[in-house]
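Asks: can you look at this prediction? I've put the sequence above it.
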Amino acid sequence: MPIIGAFSGGRCSFGPHKKYNCMYTGLLHIHSFLRWIIIVLAIVAIYRSYIGMTSGKVFSAGDKKTGLFLMIAAHTTLLVGLYLWIAGPWGLANIRNLGFGNVMKDKVYRFFAIEHLTGMLIAIVLITIGRGAAKKNIPDAAKFKRTFWFFLVALIIILVSIPWSFRTGIGRPGI
């Protein structure tokens, strides 16, 4: 039986695991809140890169900071997410309890144990590479072009990998 039953719909419960449930729920809410910061920062960074790429602007300190804050938010979310995957009921615990083959057969278990993690890791790597491109000693037009494409692809992957509430079976309402 999956460990999911130990958690009352992601809310704190009054039982033997009260502290753990509340900590898990709190970290899950932080993880979900940080996604909005990442999405907003990615949109701002993409917009700034597009404007810079098309208008021949100079790559400014503001452009660098936007990419830096995007990378910091993404890495912070990754750390919280890795903890949730390792210690929570949806990632490693389901693989241990059900077996990898059974997890892969179920679309919900597969999404949280494999697809969400993989998609987000790829997106964070792209954000980090895009941030690195902004630090290189290359022409500003090339910096804008590289950051634009890396951040845009990362944002698309992030949007596909989020368990939006409208996604049947995968969605998490209220989170």
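Replies: All right, it came through fine.
Asks: shaky segments in the chain?
Replies: Within the chain, the ranges that satisfy pLDDT under 70 run 1-20, 173-175.
Asks: setting aside sequence neighbours, what's the nearest residue to the spatially most central residue of the chain?
Replies: For the chain, the residue nearest the mean C-alpha position is Met120 (4.7 Å; CA atoms, centre = their mean). Spatial nearest neighbour of Met120, chain neighbours left out: Ser161 (5.4 Å); criterion: CB to CB, 6 or more residues apart in numbering. Backbone N, C-alpha and C define where each C-beta goes, glycine included.
Asks: again with Met53
Replies: Met53 sits nearest to Phe144 (CB to CB, 6+ apart), 3.9 Å away.
Asks: in the helix or strand containing that neighbour, what's buried?
Replies: Counting by DSSP states H and E, the element that carries Phe144 is helix 140-161. Neighbour counts over helix 140-161 (16 or more other CB atoms under 10 Å) mark 140, 143-152, 154-155, 157-158, 161 as buried.
Asks: quick one: which of the residues you listed is nearest Gly99?
Replies: Checking the buried residues of helix 140-161 against Gly99 with CB to CB, the nearest one is Ser161 at 23.5 Å.
Asks: contacting residues around that closest one?
Replies: By CB atoms under 8 Å, 6 or more residues apart in numbering, Ser161 lies in contact with 115-116, 119-120, 123.
Asks: what residues are up against the residue nearest to Met53?
Replies: 49-50, 52-53, 57, 59, 63.
Asks: and Pro89, what are its phi and psi?
Replies: Main-chain torsions, Pro89, degrees, to the nearest 10: phi -90, psi -10.
Asks: follow-up on the earlier one: scan the contacts of Ser161 and report the most crowded one.
Replies: Ala123 (25 neighbours; other CB atoms under 10 Å).
Asks: quick check: that residue is in a helix.
Replies: Yes - the assignment for Ala123 by DSSP: H, G, I helix; E, B strand; the rest coil puts it in a helix.
Asks: correct me, but it touches Leu152?
Replies: No - contact criterion CB atoms under 8 Å: Ala123 and Leu152 do not qualify, at 10.9 Å.
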